[in-house]
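>>> Using only what follows, build the 3D model:
(2 chains)
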Protein chains: 2
Amino acid sequence: MSIKRTVFFISDRTAITAETFGHSLLIQFDDVDFQKVTLPFIDTMWKAQDALEHINDAREHTGARPIIFSTIVNSQIRKLILSSEAAVVDLFDAFIGPLEEELRVQPSLGGSSHHPSAGDELDIRINAVNYALTNDDGITTKNYDKADVILVGVSRTGKTPTCLYLGLQYGIYAANYPLTEEDLLIEYRKIPGVLQPYRDKLYQKEISLAEFLYVSKNIPYLNITTMSIEEIAATVMHKSKLQRRIF
Amino acid sequence: MSIKRTVFFISDRTAITAETFGHSLLIQFDDVDFQKVTLPFIDTMWKAQDALEHINDAREHTGARPIIFSTIVNSQIRKLILSSEAAVVDLFDAFIGPLEEELRVQPSLGGSSHHPSAGDELDIRINAVNYALTNDDGITTKNYDKADVILVGVSRTGKTPTCLYLGLQYGIYAANYPLTEEDLLIEYRKIPGVLQPYRDKLYQKEISLAEFLYVSKNIPYLNITTMSIEEIAATVMHKSKLQRRIF
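Take a look at the predicted model:
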(Lines give C-alpha, C1' and ligand atoms only; values in the text may rest on other atoms or scores of the structure.)
Protein backbone atom coordinates (compact mmCIF):
# COMPACT_ATOMS: atom_id res chain seq x y z
CA MET A 1 0.00 0.00 0.00
CA SER A 2 1.43 3.37 -0.96
CA ILE A 3 1.56 6.29 1.45
CA LYS A 4 -0.38 9.39 0.41
CA ARG A 5 0.51 13.00 1.16
CA THR A 6 -0.78 16.33 -0.07
CA VAL A 7 1.97 18.76 -1.07
CA PHE A 8 1.50 22.51 -1.46
CA PHE A 9 3.86 24.75 -3.42
CA ILE A 10 3.22 28.26 -2.11
CA SER A 11 4.74 31.55 -3.18
CA ASP A 12 4.03 35.25 -3.39
CA ARG A 13 5.25 35.02 -6.98
CA THR A 14 4.91 32.26 -9.60
CA ALA A 15 5.81 29.31 -7.32
CA ILE A 16 7.86 27.85 -10.18
CA THR A 17 10.99 27.71 -7.99
CA ALA A 18 9.05 26.06 -5.15
CA GLU A 19 7.60 23.55 -7.63
CA THR A 20 10.85 22.59 -9.36
CA PHE A 21 12.92 22.52 -6.18
CA GLY A 22 10.22 20.69 -4.20
CA HIS A 23 9.89 18.17 -7.00
CA SER A 24 13.65 17.48 -6.97
CA LEU A 25 13.41 16.65 -3.25
CA LEU A 26 10.19 14.64 -3.52
CA ILE A 27 11.49 12.30 -6.25
CA GLN A 28 13.94 11.03 -3.61
CA PHE A 29 10.91 9.46 -1.88
CA ASP A 30 9.44 7.31 -4.61
CA ASP A 31 7.34 5.14 -2.27
CA VAL A 32 5.10 8.05 -1.40
CA ASP A 33 2.13 9.05 -3.55
CA PHE A 34 2.19 12.86 -3.53
CA GLN A 35 -0.91 14.85 -4.45
CA LYS A 36 0.47 18.22 -5.62
CA VAL A 37 -1.25 21.59 -5.36
CA THR A 38 0.30 24.89 -6.47
CA LEU A 39 -0.80 28.16 -4.86
CA PRO A 40 0.99 31.04 -6.60
CA PHE A 41 0.67 34.81 -5.97
CA ILE A 42 -0.19 34.51 -2.26
CA ASP A 43 0.70 38.18 -1.75
CA THR A 44 -2.04 39.45 0.57
CA MET A 45 -3.20 38.38 4.03
CA TRP A 46 -6.59 37.68 2.57
CA LYS A 47 -5.21 35.21 0.04
CA ALA A 48 -2.99 33.71 2.74
CA GLN A 49 -6.04 33.10 4.94
CA ASP A 50 -7.67 31.31 2.02
CA ALA A 51 -4.55 29.20 1.47
CA LEU A 52 -4.45 28.35 5.17
CA GLU A 53 -7.99 26.99 5.06
CA HIS A 54 -7.13 25.01 1.95
CA ILE A 55 -4.14 23.45 3.76
CA ASN A 56 -6.03 22.66 6.94
CA ASP A 57 -8.85 21.13 4.91
CA ALA A 58 -6.32 18.79 3.28
CA ARG A 59 -5.06 17.84 6.75
CA GLU A 60 -8.55 16.94 7.86
CA HIS A 61 -9.48 15.22 4.61
CA THR A 62 -6.42 12.95 4.33
CA GLY A 63 -5.62 12.45 8.01
CA ALA A 64 -1.93 13.20 7.35
CA ARG A 65 0.00 16.45 7.71
CA PRO A 66 0.38 18.14 4.32
CA ILE A 67 3.86 19.23 3.25
CA ILE A 68 4.43 22.82 2.20
CA PHE A 69 7.24 24.19 0.05
CA SER A 70 7.20 27.95 0.52
CA THR A 71 9.22 30.78 -1.05
CA ILE A 72 7.09 33.55 0.49
CA VAL A 73 9.14 36.68 1.28
CA ASN A 74 6.67 38.77 3.30
CA SER A 75 7.11 37.92 6.98
CA GLN A 76 3.48 38.47 8.02
CA ILE A 77 2.18 36.20 5.29
CA ARG A 78 4.87 33.65 6.08
CA LYS A 79 3.91 33.55 9.74
CA LEU A 80 0.29 32.90 8.87
CA ILE A 81 1.20 30.00 6.54
CA LEU A 82 3.58 28.61 9.19
CA SER A 83 0.65 28.48 11.65
CA SER A 84 -1.01 25.79 9.52
CA GLU A 85 -1.17 22.12 10.50
CA ALA A 86 1.52 21.17 8.00
CA ALA A 87 5.20 20.35 7.75
CA VAL A 88 6.71 23.48 6.20
CA VAL A 89 9.85 23.61 4.09
CA ASP A 90 10.42 27.36 4.22
CA LEU A 91 13.07 28.12 1.61
CA PHE A 92 13.20 31.82 2.31
CA ASP A 93 13.31 31.72 6.08
CA ALA A 94 15.98 29.03 6.21
CA PHE A 95 18.51 31.12 4.33
CA ILE A 96 17.78 34.84 4.57
CA GLY A 97 19.10 35.04 8.17
CA PRO A 98 22.42 33.30 7.50
CA LEU A 99 22.90 35.39 4.34
CA GLU A 100 22.23 38.60 6.27
CA GLU A 101 24.86 37.59 8.79
CA GLU A 102 27.36 36.63 6.10
CA LEU A 103 26.91 39.85 4.10
CA ARG A 104 26.40 42.16 7.09
CA VAL A 105 23.74 43.99 5.11
CA GLN A 106 20.04 44.27 5.97
CA PRO A 107 17.79 42.60 3.41
CA SER A 108 15.29 44.97 1.82
CA LEU A 109 12.51 42.35 2.16
CA GLY A 110 10.69 43.89 -0.75
CA GLY A 111 8.24 41.53 -2.40
CA SER A 112 10.07 40.28 -5.43
CA SER A 113 6.76 40.56 -7.30
CA HIS A 114 7.65 44.24 -7.67
CA HIS A 115 10.80 43.40 -9.48
CA PRO A 116 11.78 46.71 -11.09
CA SER A 117 12.80 45.33 -14.46
CA ALA A 118 9.81 43.11 -15.28
CA GLY A 119 9.18 45.15 -18.43
CA ASP A 120 12.81 44.89 -19.53
CA GLU A 121 12.78 41.17 -18.89
CA LEU A 122 9.64 40.82 -20.98
CA ASP A 123 11.31 42.69 -23.84
CA ILE A 124 14.49 40.61 -23.61
CA ARG A 125 12.42 37.42 -23.67
CA ILE A 126 10.15 38.51 -26.51
CA ASN A 127 13.15 39.58 -28.60
CA ALA A 128 15.05 36.37 -27.88
CA VAL A 129 12.01 34.21 -28.71
CA ASN A 130 11.38 36.16 -31.91
CA TYR A 131 15.03 35.67 -32.80
CA ALA A 132 14.70 31.90 -32.27
CA LEU A 133 11.53 31.74 -34.36
CA THR A 134 12.90 33.88 -37.18
CA ASN A 135 16.12 31.87 -37.33
CA ASP A 136 14.68 28.41 -36.82
CA ASP A 137 15.65 25.42 -38.94
CA GLY A 138 17.89 27.39 -41.30
CA ILE A 139 14.95 29.45 -42.66
CA THR A 140 17.42 32.29 -43.04
CA THR A 141 21.08 32.68 -42.22
CA LYS A 142 21.32 36.44 -42.63
CA ASN A 143 20.98 37.21 -38.88
CA TYR A 144 23.72 34.83 -37.72
CA ASP A 145 25.96 37.78 -36.81
CA LYS A 146 23.52 38.53 -33.96
CA ALA A 147 23.44 34.94 -32.68
CA ASP A 148 24.88 34.05 -29.28
CA VAL A 149 24.96 30.43 -30.39
CA ILE A 150 23.93 28.40 -33.44
CA LEU A 151 22.75 24.84 -32.83
CA VAL A 152 23.51 22.46 -35.66
CA GLY A 153 22.15 18.93 -35.86
CA VAL A 154 20.01 16.37 -37.62
CA SER A 155 16.25 16.43 -37.18
CA ARG A 156 14.43 15.23 -34.00
CA THR A 157 17.21 16.34 -31.66
CA GLY A 158 15.10 19.06 -30.02
CA LYS A 159 16.90 21.99 -31.68
CA THR A 160 13.78 24.17 -31.86
CA PRO A 161 12.59 23.74 -28.24
CA THR A 162 16.16 24.14 -27.01
CA CYS A 163 16.54 27.46 -28.87
CA LEU A 164 13.20 28.63 -27.48
CA TYR A 165 14.18 27.52 -23.98
CA LEU A 166 17.50 29.38 -24.27
CA GLY A 167 15.52 32.49 -25.22
CA LEU A 168 12.86 32.20 -22.52
CA GLN A 169 14.97 30.98 -19.61
CA TYR A 170 18.27 32.77 -20.30
CA GLY A 171 17.48 35.58 -22.78
CA ILE A 172 20.00 34.07 -25.20
CA TYR A 173 19.78 34.55 -28.99
CA ALA A 174 19.93 31.01 -30.39
CA ALA A 175 19.57 30.04 -34.05
CA ASN A 176 19.48 26.52 -35.38
CA TYR A 177 20.52 24.94 -38.64
CA PRO A 178 19.51 21.44 -39.76
CA LEU A 179 22.09 18.96 -40.98
CA THR A 180 20.53 17.16 -43.90
CA GLU A 181 21.38 13.70 -45.09
CA GLU A 182 23.15 15.40 -47.95
CA ASP A 183 25.35 17.37 -45.57
CA LEU A 184 26.21 14.16 -43.76
CA LEU A 185 26.67 11.69 -46.58
CA ILE A 186 27.98 13.69 -49.51
CA GLU A 187 29.85 16.50 -47.80
CA TYR A 188 30.39 15.02 -44.37
CA ARG A 189 33.85 16.44 -44.06
CA LYS A 190 32.72 20.02 -44.63
CA ILE A 191 30.83 22.53 -42.52
CA PRO A 192 27.95 23.83 -44.71
CA GLY A 193 29.21 26.93 -46.52
CA VAL A 194 26.72 29.40 -45.02
CA LEU A 195 27.95 28.45 -41.52
CA GLN A 196 31.65 28.95 -42.23
CA PRO A 197 31.85 32.60 -41.06
CA TYR A 198 30.22 31.74 -37.71
CA ARG A 199 32.40 28.82 -36.66
CA ASP A 200 32.93 30.09 -33.12
CA LYS A 201 29.18 30.25 -32.48
CA LEU A 202 28.41 26.70 -33.57
CA TYR A 203 27.16 24.12 -31.14
CA GLN A 204 26.32 20.79 -32.61
CA LYS A 205 23.81 18.32 -31.32
CA GLU A 206 23.99 14.85 -32.59
CA ILE A 207 23.36 11.19 -31.98
CA SER A 208 25.87 9.25 -34.03
CA LEU A 209 26.62 9.77 -37.71
CA ALA A 210 27.52 13.44 -37.57
CA GLU A 211 30.07 13.06 -34.78
CA PHE A 212 32.85 12.55 -37.27
CA LEU A 213 32.15 15.97 -38.75
CA TYR A 214 32.19 17.62 -35.33
CA VAL A 215 35.32 15.89 -34.13
CA SER A 216 37.23 16.50 -37.33
CA LYS A 217 36.29 20.21 -37.33
CA ASN A 218 36.79 20.66 -33.58
CA ILE A 219 33.23 21.84 -32.96
CA PRO A 220 31.76 21.07 -29.51
CA TYR A 221 29.00 18.47 -29.66
CA LEU A 222 26.56 16.71 -27.40
CA ASN A 223 24.89 13.31 -27.38
CA ILE A 224 21.37 14.28 -26.30
CA THR A 225 19.79 10.80 -26.23
CA THR A 226 19.01 10.81 -22.49
CA MET A 227 18.90 14.57 -21.89
CA SER A 228 16.00 16.89 -21.17
CA ILE A 229 15.63 20.29 -22.84
CA GLU A 230 16.87 22.02 -19.64
CA GLU A 231 19.91 19.80 -19.55
CA ILE A 232 20.73 20.45 -23.21
CA ALA A 233 20.23 24.20 -22.75
CA ALA A 234 22.25 24.37 -19.52
CA THR A 235 25.06 22.40 -21.14
CA VAL A 236 25.16 24.71 -24.16
CA MET A 237 25.23 27.74 -21.83
CA HIS A 238 28.03 26.27 -19.76
CA LYS A 239 30.25 24.91 -22.52
CA SER A 240 29.83 27.97 -24.75
CA LYS A 241 30.54 30.19 -21.70
CA LEU A 242 27.39 32.23 -22.28
CA GLN A 243 26.00 34.52 -19.56
CA ARG A 244 22.33 34.68 -18.56
CA ARG A 245 20.62 37.94 -19.58
CA ILE A 246 17.69 37.33 -17.25
CA PHE A 247 16.85 35.38 -14.07
CA MET B 1 31.54 52.01 -2.33
CA SER B 2 29.68 48.85 -3.16
CA ILE B 3 30.52 45.51 -1.56
CA LYS B 4 31.62 42.76 -3.94
CA ARG B 5 30.98 39.06 -3.57
CA THR B 6 31.42 36.08 -5.86
CA VAL B 7 28.41 33.78 -5.94
CA PHE B 8 28.48 30.19 -7.23
CA PHE B 9 25.38 28.27 -8.29
CA ILE B 10 26.39 24.61 -8.15
CA SER B 11 24.39 21.52 -9.02
CA ASP B 12 24.76 17.97 -10.24
CA ARG B 13 22.06 18.81 -12.76
CA THR B 14 21.28 22.06 -14.66
CA ALA B 15 21.67 24.47 -11.69
CA ILE B 16 18.59 26.34 -12.95
CA THR B 17 16.82 25.92 -9.58
CA ALA B 18 19.91 27.06 -7.68
CA GLU B 19 20.18 30.08 -10.02
CA THR B 20 16.56 31.19 -9.84
CA PHE B 21 16.17 30.54 -6.11
CA GLY B 22 19.55 32.08 -5.30
CA HIS B 23 18.68 35.12 -7.38
CA SER B 24 15.39 35.62 -5.51
CA LEU B 25 17.34 35.70 -2.23
CA LEU B 26 20.17 37.89 -3.55
CA ILE B 27 17.88 40.65 -4.86
CA GLN B 28 16.97 41.25 -1.20
CA PHE B 29 20.52 42.60 -0.78
CA ASP B 30 20.68 45.31 -3.41
CA ASP B 31 23.71 47.09 -1.92
CA VAL B 32 25.96 44.18 -2.74
CA ASP B 33 27.58 43.75 -6.15
CA PHE B 34 27.35 40.02 -6.85
CA GLN B 35 29.60 38.39 -9.43
CA LYS B 36 27.69 35.26 -10.48
CA VAL B 37 29.20 31.99 -11.70
CA THR B 38 27.15 28.91 -12.59
CA LEU B 39 28.71 25.43 -12.34
CA PRO B 40 26.19 22.86 -13.60
CA PHE B 41 26.60 19.07 -13.93
CA ILE B 42 29.07 18.66 -11.04
CA ASP B 43 28.33 14.95 -10.88
CA THR B 44 31.76 13.38 -10.38
CA MET B 45 34.41 13.81 -7.69
CA TRP B 46 36.80 14.94 -10.39
CA LYS B 47 34.53 17.79 -11.48
CA ALA B 48 33.86 18.63 -7.81
CA GLN B 49 37.61 18.93 -7.18
CA ASP B 50 37.80 21.34 -10.12
CA ALA B 51 34.88 23.37 -8.77
CA LEU B 52 36.51 23.47 -5.33
CA GLU B 53 39.67 24.99 -6.79
CA HIS B 54 37.59 27.51 -8.72
CA ILE B 55 35.82 28.53 -5.48
CA ASN B 56 38.99 28.77 -3.41
CA ASP B 57 40.64 30.82 -6.18
CA ALA B 58 37.77 33.31 -5.98
CA ARG B 59 38.25 33.50 -2.21
CA GLU B 60 41.92 34.32 -2.67
CA HIS B 61 41.35 36.70 -5.57
CA THR B 62 38.58 38.83 -3.98
CA GLY B 63 39.58 38.56 -0.32
CA ALA B 64 35.97 37.77 0.66
CA ARG B 65 34.27 34.41 1.21
CA PRO B 66 32.32 33.39 -1.87
CA ILE B 67 28.68 32.37 -1.44
CA ILE B 68 27.52 29.02 -2.79
CA PHE B 69 23.98 27.97 -3.63
CA SER B 70 24.05 24.19 -3.97
CA THR B 71 21.42 21.64 -4.98
CA ILE B 72 23.89 18.73 -5.15
CA VAL B 73 22.28 15.41 -4.14
CA ASN B 74 25.29 13.09 -3.92
CA SER B 75 26.62 13.20 -0.34
CA GLN B 76 30.30 12.62 -1.19
CA ILE B 77 30.32 15.44 -3.73
CA ARG B 78 28.40 17.66 -1.33
CA LYS B 79 30.93 17.10 1.43
CA LEU B 80 33.78 18.07 -0.85
CA ILE B 81 32.06 21.31 -1.89
CA LEU B 82 31.21 22.05 1.76
CA SER B 83 34.92 21.84 2.59
CA SER B 84 35.57 24.98 0.51
CA GLU B 85 36.32 28.38 2.01
CA ALA B 86 32.83 29.66 1.25
CA ALA B 87 29.47 30.33 2.86
CA VAL B 88 27.28 27.49 1.60
CA VAL B 89 23.52 27.63 1.17
CA ASP B 90 22.89 23.90 0.83
CA LEU B 91 19.33 23.54 -0.39
CA PHE B 92 19.36 19.78 -0.44
CA ASP B 93 20.98 19.14 2.91
CA ALA B 94 18.78 21.62 4.76
CA PHE B 95 15.58 19.82 3.87
CA ILE B 96 16.17 16.17 3.02
CA GLY B 97 16.62 15.21 6.69
CA PRO B 98 13.44 16.89 7.98
CA LEU B 99 11.48 15.43 5.04
CA GLU B 100 12.81 11.94 5.78
CA GLU B 101 11.68 12.33 9.38
CA GLU B 102 8.27 13.66 8.36
CA LEU B 103 7.60 10.93 5.79
CA ARG B 104 9.31 8.12 7.71
CA VAL B 105 10.68 6.83 4.44
CA GLN B 106 14.33 6.56 3.43
CA PRO B 107 15.24 8.80 0.51
CA SER B 108 16.63 6.90 -2.47
CA LEU B 109 19.37 9.52 -2.94
CA GLY B 110 19.61 8.66 -6.59
CA GLY B 111 21.18 11.36 -8.69
CA SER B 112 18.23 13.12 -10.25
CA SER B 113 20.28 13.37 -13.44
CA HIS B 114 19.15 9.79 -14.05
CA HIS B 115 15.53 10.80 -13.99
CA PRO B 116 13.81 7.82 -15.62
CA SER B 117 11.42 9.80 -17.80
CA ALA B 118 13.80 12.28 -19.44
CA GLY B 119 12.82 10.93 -22.85
CA ASP B 120 9.10 11.23 -22.11
CA GLU B 121 9.60 14.77 -20.82
CA LEU B 122 11.44 15.66 -24.01
CA ASP B 123 8.57 14.29 -26.10
CA ILE B 124 5.94 16.13 -24.04
CA ARG B 125 7.90 19.37 -24.42
CA ILE B 126 8.59 18.96 -28.14
CA ASN B 127 4.91 18.16 -28.80
CA ALA B 128 3.68 21.08 -26.68
CA VAL B 129 6.12 23.50 -28.38
CA ASN B 130 5.13 22.22 -31.82
CA TYR B 131 1.50 22.73 -30.84
CA ALA B 132 2.21 26.32 -29.79
CA LEU B 133 4.10 27.03 -33.03
CA THR B 134 1.48 25.42 -35.28
CA ASN B 135 -1.35 27.26 -33.54
CA ASP B 136 0.34 30.63 -33.09
CA ASP B 137 -1.32 33.92 -33.91
CA GLY B 138 -4.51 32.36 -35.31
CA ILE B 139 -2.61 30.73 -38.23
CA THR B 140 -5.12 27.92 -37.99
CA THR B 141 -8.02 27.20 -35.66
CA LYS B 142 -8.62 23.60 -36.63
CA ASN B 143 -6.64 22.12 -33.68
CA TYR B 144 -8.40 24.12 -30.97
CA ASP B 145 -10.14 20.96 -29.72
CA LYS B 146 -6.71 19.76 -28.52
CA ALA B 147 -5.87 23.04 -26.74
CA ASP B 148 -5.57 23.19 -22.96
CA VAL B 149 -5.95 26.96 -23.18
CA ILE B 150 -6.32 29.57 -25.93
CA LEU B 151 -4.80 33.00 -25.26
CA VAL B 152 -6.66 35.85 -26.92
CA GLY B 153 -5.36 39.40 -27.03
CA VAL B 154 -4.13 42.36 -29.05
CA SER B 155 -0.58 42.37 -30.40
CA ARG B 156 2.53 43.01 -28.24
CA THR B 157 1.07 41.34 -25.16
CA GLY B 158 3.54 38.45 -25.21
CA LYS B 159 1.04 35.82 -26.39
CA THR B 160 3.63 33.86 -28.38
CA PRO B 161 6.35 33.64 -25.70
CA THR B 162 3.71 32.85 -23.06
CA CYS B 163 2.36 29.94 -25.15
CA LEU B 164 5.90 28.67 -25.70
CA TYR B 165 6.69 29.04 -22.00
CA LEU B 166 3.52 27.11 -21.08
CA GLY B 167 4.69 24.35 -23.41
CA LEU B 168 8.30 24.24 -22.23
CA GLN B 169 7.81 24.77 -18.50
CA TYR B 170 4.48 23.01 -17.94
CA GLY B 171 3.91 20.76 -20.99
CA ILE B 172 0.64 22.59 -21.65
CA TYR B 173 -0.92 22.88 -25.13
CA ALA B 174 -1.52 26.61 -25.61
CA ALA B 175 -2.82 28.27 -28.76
CA ASN B 176 -3.16 31.98 -29.28
CA TYR B 177 -5.49 34.13 -31.34
CA PRO B 178 -4.91 37.81 -32.12
CA LEU B 179 -7.63 40.37 -31.51
CA THR B 180 -7.47 42.76 -34.45
CA GLU B 181 -8.56 46.37 -34.44
CA GLU B 182 -11.54 45.17 -36.45
CA ASP B 183 -12.52 42.70 -33.73
CA LEU B 184 -12.28 45.47 -31.17
CA LEU B 185 -13.85 48.43 -32.95
CA ILE B 186 -16.46 46.99 -35.27
CA GLU B 187 -17.49 43.83 -33.45
CA TYR B 188 -16.33 44.59 -29.95
CA ARG B 189 -19.34 42.96 -28.36
CA LYS B 190 -18.76 39.62 -30.05
CA ILE B 191 -16.26 36.85 -29.53
CA PRO B 192 -14.76 36.12 -32.98
CA GLY B 193 -16.86 33.38 -34.61
CA VAL B 194 -14.12 30.75 -34.88
CA LEU B 195 -13.55 30.97 -31.10
CA GLN B 196 -17.21 30.46 -30.11
CA PRO B 197 -17.04 26.64 -29.71
CA TYR B 198 -14.01 26.93 -27.38
CA ARG B 199 -15.31 29.49 -24.91
CA ASP B 200 -14.25 27.51 -21.85
CA LYS B 201 -10.64 27.38 -23.05
CA LEU B 202 -10.25 31.10 -23.66
CA TYR B 203 -7.91 33.20 -21.64
CA GLN B 204 -7.66 36.79 -22.68
CA LYS B 205 -4.69 39.04 -22.25
CA GLU B 206 -5.25 42.69 -22.60
CA ILE B 207 -4.17 46.18 -21.70
CA SER B 208 -7.24 48.39 -21.92
CA LEU B 209 -9.61 48.60 -24.88
CA ALA B 210 -10.55 44.93 -25.03
CA GLU B 211 -11.52 44.66 -21.37
CA PHE B 212 -15.11 45.55 -22.16
CA LEU B 213 -15.37 42.50 -24.41
CA TYR B 214 -13.95 40.21 -21.72
CA VAL B 215 -16.06 41.57 -18.91
CA SER B 216 -19.25 41.50 -20.94
CA LYS B 217 -18.62 37.93 -22.08
CA ASN B 218 -17.38 36.72 -18.68
CA ILE B 219 -14.01 35.57 -20.00
CA PRO B 220 -11.09 35.69 -17.53
CA TYR B 221 -8.58 38.39 -18.43
CA LEU B 222 -5.31 39.76 -17.25
CA ASN B 223 -3.63 43.17 -17.33
CA ILE B 224 -0.08 42.15 -18.18
CA THR B 225 1.56 45.60 -18.17
CA THR B 226 3.93 44.90 -15.28
CA MET B 227 4.11 41.13 -15.54
CA SER B 228 6.90 38.83 -16.68
CA ILE B 229 6.29 35.83 -18.94
CA GLU B 230 6.57 33.48 -15.93
CA GLU B 231 4.01 35.49 -14.04
CA ILE B 232 1.59 35.52 -16.97
CA ALA B 233 2.06 31.78 -17.53
CA ALA B 234 1.73 30.90 -13.82
CA THR B 235 -1.42 33.03 -13.57
CA VAL B 236 -3.00 31.34 -16.59
CA MET B 237 -2.15 27.91 -15.12
CA HIS B 238 -3.64 28.84 -11.76
CA LYS B 239 -6.80 30.60 -12.89
CA SER B 240 -7.59 28.06 -15.60
CA LYS B 241 -6.93 25.27 -13.05
CA LEU B 242 -4.49 23.52 -15.39
CA GLN B 243 -2.13 20.83 -14.09
CA ARG B 244 1.57 20.62 -14.94
CA ARG B 245 2.44 17.70 -17.21
CA ILE B 246 6.16 17.98 -16.41
CA PHE B 247 8.44 19.31 -13.67
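
>>> After the lowest-mean-pLDDT helix or strand in chain A, which helix or strand is next? Please name it.
Here the helix or strand of chain A ranked lowest by mean pLDDT, DSSP states H and E is helix A:181-185, holding a mean of 66. The helix or strand immediately downstream of helix A:181-185 is strand A:202-205, counting by DSSP states H and E.

>>> which helices and strands sit right next to that following strand?
Other helices and strands packing on strand A:202-205, by 3 or more Cβ pairs under 8 Å, 6 or more residues apart in numbering or on different chains; DSSP states H and E, are strand A:149-153, strand A:221-222, helix A:229-239. For the C-beta atoms, the positions are set from N, CA and C on the backbone; glycine is no exception.

>>> rerun that using 6 Å as the cut-off
For strand A:202-205, the packing partners by 3 or more Cβ pairs under 6 Å, 6 or more residues apart in numbering or on different chains; DSSP states H and E come out as strand A:149-153.

>>> secondary structure class for A:A175?
Secondary structure, DSSP: H, G, I helix; E, B strand; the rest coil: A:A175 is strand.

>>> From the domain annotation, what segments belong to each domain of chain A?
Listed by automatic domain parsing, the domain ranges of chain A are A:3-113, A:118-239.

>>> Relative to B:D31, which of these is closest?
If you check each of these against B:D31 by Cβ to Cβ, domain A:3-113 wins as the nearest, at 5.3 Å.

>>> where's the closest one relative to the chain centroid, distance-wise?
20 Å (Cα atoms, centre = their mean, to the nearest Å).

>>> same question, stretch A:164-175
For stretch A:164-175, the separation from the chain centroid amounts to 11 Å (computed by Cα atoms, centre = their mean).

>>> Which residue comes closest to A:K201 once chain neighbours are left out?
In space, and not counting its chain neighbours, A:K201 is closest to A:I150: 4.9 Å by Cβ to Cβ, 6 or more residues apart in numbering or on different chains.

>>> Tell me who's in contact with the one you found.
Neighbouring residues of A:I150 by Cβ atoms under 6 Å, 6 or more residues apart in numbering or on different chains: A:A175, A:Y198, A:K201, A:L202.

>>> For those, which single residue is the most surrounded?
When those are compared by neighbour count (other Cβ atoms under 10 Å in any protein chain shown), A:A175 ends up highest, at 27 neighbours.

>>> And it, how close does it get to B:K142?
With the distance defined as Cβ to Cβ, to the nearest Å, A:A175 ends up 30 Å from B:K142.

>>> same deal with A:T180?
Taking Cβ to Cβ, one finds A:T180 at 30 Å from B:K142.

>>> thinking again about what came up before, closest one to A:T235 out of the contacts of A:I150, please.
For the contacts of A:I150, the minimum distance to A:T235 (Cβ to Cβ) is 14.5 Å, reached by A:L202.

>>> Read off the pLDDT value for the closest one.
If you check A:L202, the pLDDT there is 82.

>>> which strand residues sit across from it in the sheet?
Taking DSSP bridges as the rule, A:L202 bridges to A:I150.

>>> which ones are touching it?
A:I150, A:V152, A:I219.

>>> again, only using 10 Å
If a contact means Cβ atoms under 10 Å, 6 or more residues apart in numbering or on different chains, then A:L202 has A:144, A:147, A:149-152, A:177, A:191, A:195-196, A:214, A:217, A:219-221, A:240 as its contacts.

>>> Name the member of those residues with the shortest distance to chain B.
Within these, proximity to chain B (Cβ to the nearest Cβ) peaks at A:S240, which comes in at 12.4 Å.

>>> rewinding a little: A:T180 and B:K142: which has the busier surroundings?
A:T180 (14 against 10).

>>> Against chain B, how distant is the more buried one?
20 Å (Cβ to the nearest Cβ, to the nearest Å).

>>> On the pLDDT front, check that residue for me.
pLDDT, read off for A:T180, is 77.

>>> Surely it is in contact with A:G138?
Yes: in this structure A:T180 lies within contact range of A:G138 using Cβ atoms under 10 Å: 9.2 Å.

>>> Now do the shared contacts for the two.
A:P192.

>>> show me what contacts A:A87?
Applying Cβ under 10 Å, 6+ apart to A:A87 gives the contacts A:R5, A:V7, A:A64, A:R65, A:P66, A:I67, A:I68, B:P98, B:L99, B:E101, B:E102, B:L103.

>>> all helices for chain A, in order.
With helices called from DSSP state H, chain A shows them at A:16-26, A:45-62, A:75-82, A:91-103, A:118-134, A:159-165, A:181-185, A:211-217, A:229-239.

>>> ranking the ones you listed by mean pLDDT, which is last?
For the helices of chain A, the weakest mean pLDDT is recorded on helix A:181-185, namely a mean of 66.

>>> Quick one: the domains of chain A as JSON lines, columns for distance to B:T162 too.
Below are these laid out as JSON lines (distance: least, Cβ to Cβ, whole Å):
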{"stretch": "domain A:3-113", "distance to B:T162": "12"}
{"stretch": "domain A:118-239", "distance to B:T162": "10"}
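
>>> Buried ones among the contacts of A:L202?
Among the contacts of A:L202, those that count as buried by neighbour count (16 or more other Cβ atoms under 10 Å in any protein chain shown) are A:144, A:147, A:149-152, A:177, A:191, A:195, A:214, A:219, A:221, A:240.
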